[in-house]
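# Have a look at this fold, sequence not included:
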């Protein structure tokens, strides 16, 4: 007599395939991160806001050597970064030892949307565009 597999076996298979699919998607994201990202705009709810005058040249450069350089309001910062695939976030640590976590909302080869883990920025999505031909 052949027994039918029970529901838990099916659920386990679906879970295994889902986890592998998600891991493959996140692995692709990491390759997209190695870029110089220029600040494009902010979004709060459905409203878009352009960068201020001081923020017009803001960028985030995430290197393949896991070092970053950023400009924020005309101030340059440097340090190291890591990509956490479990939480889908970037954690940056500057030369002073200060850490900043940024959750990845979406990423393509041309666009990056982050939500920074800072009280005053939690409701804001920060949109970056990949720099084109500038080095």
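Ah, there it is. The structure displayed is predicted, hence computed values, not measured ones.
# all contacts plus neighbour counts: C-alpha atoms, from now on.
Fine.
# So which residue is smack in the middle of this structure?
Centroid check for the chain by CA atoms, centre = their mean gives residue 104 as the closest residue, at 3.2 Å.
# which neighbours does whichever strand or helix holds that one have in its sheet, and in what orientation?
Using DSSP states H and E, residue 104 maps to strand 99-107. Partners of strand 99-107 in the sheet, by DSSP bridges, are strand 89-94 (antiparallel), strand 111-116 (antiparallel).
# so which of those strands gets nearest residue 56?
Distance to residue 56, taken as CA to CA, is lowest for strand 111-116 among those, at 16.8 Å.
# which residues touch the closest one?
Identification of contacts with strand 111-116 by CA atoms under 8 Å, 6 or more residues apart in numbering yields 37, 100-107, 121-130.
# and the very next helix or strand once past it, which strands flank it?
Moving toward the C-terminus from strand 111-116, the next helix or strand (DSSP H and E) is strand 125-130. Partner strands and pairing direction for strand 125-130 (DSSP bridges) are strand 35-44 (antiparallel), strand 111-116 (antiparallel).
# Show the average pLDDT along strand 125-130.
In this model, strand 125-130 carries a mean pLDDT of 96.
# got the contact list for it?
Contacts of strand 125-130 (CA under 8 Å, 6+ apart): 35-44, 59, 109-116.
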